[in-house]
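K.L.:
no sequence for this one, just the structure:
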């Protein structure tokens, strides 16, 4: 990963990268798509939820008249596995500036029956058609320079060494949110990192769907261990990201009753808030 | 409204109140429900989006094996009008602790054709079955005592006088977020209020779906005028609310490209964060 990131000659581009190939679908019939879910985006053998959201997002971009996901909500039903899957989309409404669609991803059980993995509802538009007017009061996350942040290659491994996805991400975590990796969680529900794709492919609206769900869970900094499965994840893409790595900040304020929310913000190299997300996830309280 | 609020003898109860009657559905067939949308929950002749979400939430509570909406995402397609509507639900998945369902609300055009107004995707559970464990770092909003806050009856009217919904809500706005009503918006995207139902009916998970969308838009405090239609609204209900008025705090951080997010928190009288929501809405930039 560091090699690829530091070799501009080998730099991948939007449309010609591993992420693009692994999220590309084959249209079986209008609105129905086949895909082979890559084992390259798994964490401990589970297919990453952000990668899956990007797959569904691309299917809807093909099925709907508008190109960009403005707001996309996903409910995770059953765990996806690498391998064949089918995505079925439905155009719910088409308007002049926004269109709404639904998509479900199915895989097959041992008897060949379709099992629904995820269902999403989304409204799409054209980010390029939005006025430039920005009146934000949001501030970018306080994140040290990338060379003062740490990734899996720096050890101690902040992401499970057995996670294939780690090889495909350029993830540099803020030391202030790495206490858990040293056995000393801060107790604060915060996780911050520089994020990119390891092959240097720049961010676009679909890779932002991956970025919001690619950091270690904030639950780790709250002193919790183990899996934190997503129940529902909604992402708002607010702006087409500029080239270069993005900054991702994730915050959890309310851990209660065995559930927590993860609020993510993604900021691009031009200092713009390009995506906001919130997910509801389950935790095992110990 | 003040009369009802100050007359405990006439106090309505959960299950026996105007809100319950106006959100009650008649089952036409399994998963299909009829309802007459009340004109009592309109703002400038538009049916309030939170009231509509409560209607869809109650339909799913009947259709699914679990009683409480844990996370519900709604995409608003066309403007609903008071009058007859049909809600069609689909059970997507049923699990031991969570079940997922989908629902759409339809009305009829002049030719009697069904027109879809809203589509929701939601995961339900049982709030009563959650462990009591709470490790929140969230703080309740700083809100003055109710008698130092202002409602429509106090004037200058913070909610359009022609809004029928104003008569059904006990809404007391924080003076710090009322500058817009005096022609002096603060420029901060904040709106805070004490919220209840005018007839004294206590909060439950369904009235929380109304509470997150019942305050004046934060856009007013940002100096913007006019309608702020919701594109998508997702609500997480985290805890069954205790009796008494709740505190609602809404924040907008990113107004850009003609869209903004509204993040709402609802706190109950026991000081618990009972609901979190985020919506993406359109604004007319002037």
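P.N.:
Arrived safely. This structure is a prediction, so every number in the text was calculated from the model and none was measured. Numbers count the residues shown, from 1 in each chain, chains lettered A, B, ... in the order given.
K.L.:
Please count neighbours and contacts with C-alpha atoms only from this point.
P.N.:
Fine.
K.L.:
Adjacent strands (with direction) for the host helix or strand of residue A:72?
P.N.:
Residue A:72 belongs to strand A:68-76 when elements are defined using DSSP states H and E. According to DSSP bridges, strand A:68-76 forms sheet pairs with strand A:114-125 (antiparallel), strand A:230-237 (antiparallel).
K.L.:
now for those strands, which one comes closest to residue B:278?
P.N.:
Taking Cα to Cα as the criterion, residue B:278 comes closest to strand A:230-237 out of these, the separation being 9.2 Å.
K.L.:
Figure out how far that closest one is from the centre of its chain.
P.N.:
Centroid separation for strand A:230-237 versus its chain: 9 Å, with Cα atoms, centre = their mean, to the nearest Å.
K.L.:
what's the average pLDDT for that strand?
P.N.:
Model confidence over strand A:230-237, given as mean pLDDT, is 98.
K.L.:
cool, and stretch A:99-118?
P.N.:
Per-region confidence: stretch A:99-118 scores 96 on mean pLDDT.
K.L.:
and if you look at stretch A:165-174?
P.N.:
Stretch A:165-174 shows a mean pLDDT of 94 in the predicted model.
K.L.:
how many neighbours does residue A:145 have?
P.N.:
For residue A:145, the count of nearby residues is 10 (other Cα atoms under 10 Å in any protein chain shown).
K.L.:
how far away is it from chain B?
P.N.:
To chain B, residue A:145 is 24 Å away according to Cα to the nearest Cα, to the nearest Å.
K.L.:
check contacts around the residue nearest to residue A:39 when sequence neighbours are not counted.
P.N.:
The shortest distance from residue A:39 to any residue other than its chain neighbours is 5.0 Å, reached at residue A:82 (Cα to Cα, 6 or more residues apart in numbering or on different chains). Under the criterion of Cα atoms under 8 Å, 6 or more residues apart in numbering or on different chains, the neighbours of residue A:82 are A:36, A:37, A:38, A:39, A:47.
K.L.:
switch to 6 Å and redo it
P.N.:
A:37, A:38, A:39 (Cα atoms under 6 Å, 6 or more residues apart in numbering or on different chains).
K.L.:
Which of those residues has the largest number of neighbours?
P.N.:
Neighbour counts for the contacts of residue A:82 were taken using other Cα under 10 Å; the highest belongs to residue A:37, with 24 neighbours.
K.L.:
Does that residue touch residue A:83 like I think?
P.N.:
Yes: counting by Cα atoms under 6 Å, residue A:37 touches residue A:83, with 4.8 Å between them.
K.L.:
what's the neighbour count on residue A:14?
P.N.:
By other Cα under 10 Å, the residues close to residue A:14 number 14.
K.L.:
Which residue is the nearest non-sequential neighbour of it?
P.N.:
Residue A:14's closest residue in space is residue A:201 (Cα to Cα, 6+ apart), at 5.8 Å.
K.L.:
Please report how far that neighbour lies from chain B.
P.N.:
Taking Cα to the nearest Cα, one finds residue A:201 at 25 Å from chain B.
K.L.:
can you pull the contacts of that residue?
P.N.:
Residue A:201 sits in contact with A:12, A:13, A:14, where contact means Cα under 6 Å, 6+ apart.
K.L.:
Who's the closest spatial neighbour of the one residue sitting closest to the centre of chain A, skipping the chain neighbours?
P.N.:
If you average the C-alpha coordinates of chain A and look for the closest C-alpha using Cα atoms, centre = their mean, you land on residue A:210, 1.9 Å from that point. Spatial nearest neighbour of residue A:210, chain neighbours left out: residue A:50 (4.0 Å); criterion: Cα to Cα, 6+ apart.
K.L.:
State the number of residues packed around the one you found.
P.N.:
Residue A:50 is flanked by 21 other residues according to other Cα under 10 Å.
K.L.:
hmm, back to that, surely the residue nearest to the centre of chain A forms part of a helix?
P.N.:
Yes: under DSSP: H, G, I helix; E, B strand; the rest coil, residue A:210 sits within a helix.
K.L.:
Going along the chain, name the helices of chain A.
P.N.:
According to DSSP state H, chain A carries its helices in the segments A:2-5, A:18-22, A:49-63, A:205-211, A:218-221.
K.L.:
Please list the residues of the stretch 51-200 of chain A that sit near chain B.
P.N.:
A:130, A:131, A:132, A:133, A:134, A:135, A:136, A:137, A:138 (Cα under 6 Å from any Cα of the partner chain).
K.L.:
Make sure residue A:194 is actually in contact with residue A:247.
P.N.:
Yes: Residue A:194 is in contact with residue A:247 according to Cα under 6 Å; the separation is 4.6 Å.
K.L.:
The closest residue to residue A:259 other than its chain neighbours: neighbour count?
P.N.:
Nearest non-adjacent residue to residue A:259, counting by Cα to Cα, 6+ apart: residue A:282, 4.4 Å away. As a burial measure, the neighbour count of residue A:282 was computed by other Cα under 10 Å and equals 18.
K.L.:
can you pull the contacts of residue A:282?
P.N.:
By Cα under 6 Å, 6+ apart, residue A:282 lies in contact with A:228, A:229, A:258, A:259.
K.L.:
Low-confidence ranges, chain A, go.
P.N.:
Within chain A, the ranges that satisfy pLDDT under 70 run A:1-9, A:155-162, A:286.
K.L.:
switch the cut-off to 80
P.N.:
Low-confidence regions of chain A, defined by pLDDT under 80, span residues A:1-10, A:44-45, A:153, A:155-162, A:284-286.
K.L.:
Tell me both backbone torsions, phi and psi, for the residue in it sticking out farthest from the centre.
P.N.:
Distance from the centre of chain A peaks at residue A:111, with 31.1 Å (Cα atoms, centre = their mean). The phi and psi values for residue A:111, taken as degrees, to the nearest 10, are phi -90, psi 10.
K.L.:
Contact partners for it?
P.N.:
Contacts for residue A:111 (Cα under 6 Å, 6+ apart) come out as none.
K.L.:
ok, it to residue A:63 distance?
P.N.:
Between residue A:111 and residue A:63 the computed distance is 29 Å (Cα to Cα, to the nearest Å).
K.L.:
same deal with residue A:69?
P.N.:
Applying Cα to Cα, one obtains 12 Å for the distance of residue A:69 from residue A:63.
K.L.:
residue ranges for the strands of the stretch 51-200 of chain A, please.
P.N.:
Secondary structure of the stretch 51-200 of chain A (DSSP state E, counting those that start in this stretch): strands at A:68-76, A:83-94, A:99-108, A:114-125, A:169-173, A:190-197.
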